[in-house]
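A.B. asks: Generate coordinates for the sequence data below:
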Amino acid sequence: MRSRSKQDVVVPYPLILLVGVVALMFAGGAPITFGGLPPSIVFGALQDGQVRKALFSADSASLQQRLKEMEVDKQVDDYYSDRINDSRDRELYTDQIFYNYTGYHNEELEETNSGNLIWNDK
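C.D. replies: Numbering: from 1, shown residues only. Below is the predicted model:
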C-alpha cells in the first residue's frame, strides 16, 4: 500500500473558505448580497455577454446602459420593496448601489463630497 505524500493531497482552501462564509451568513440570518446586490441578480446579469464585456473592460457607461436595458434596477427595487417601504428612499438606495459600480446616477440626484447621493430638491 502506497502512503500519500503532501503532493497527492489537494485542498481547495479558497473554496472551503467561501463555503464557510456563506454558511455563516445563512446561519446568522443575514441577507446575502454582493455590494447590496442579491446573488440572483448579479449572476443573472453576468449571464449577459455585453455586461461581462463592459464589466471586465471597465466600461462603466456601457455597463450602466446595458443594466438599464435589462431593467436590473427594477429587479433590485423589487428585492428591496419589503425592506424599504418608502419608494423615494428605496430609489435613492438602489441608485446609490448602481452609482457605486457605474459612476452614473439619476439626474434628480447629486453627489456629496463623501460620494453619497442625495435628492436634488432645487
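
A.B. asks: Would you state the strands of this structure in chain order?
C.D. replies: 109-111, 117-119 (DSSP state E).

A.B. asks: and these as TSV, adding mean neighbour count and mean pLDDT?
C.D. replies: All C-beta atoms are positioned from the backbone trio N, CA, C, and that covers glycine. Below are those laid out as TSV (neighbours: other Cβ atoms under 10 Å; pLDDT from 0 to 100):
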stretch	mean neighbour count	mean pLDDT
strand 109-111	15	93
strand 117-119	15	93
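
A.B. asks: Tell me which residue lies nearest the centroid of this structure.
C.D. replies: L37 (3.4 Å; Cα atoms, centre = their mean).

A.B. asks: Now do the contacts for it.
C.D. replies: Taking Cβ atoms under 8 Å, 6 or more residues apart in numbering, we find L37 in contact with 76, 97.

A.B. asks: how much space is there between it and N113?
C.D. replies: Separation of L37 from N113 (Cβ to Cβ, to the nearest Å): 25 Å.

A.B. asks: got it, and G36?
C.D. replies: Distance, G36 to N113, using Cβ to Cβ: 21 Å.
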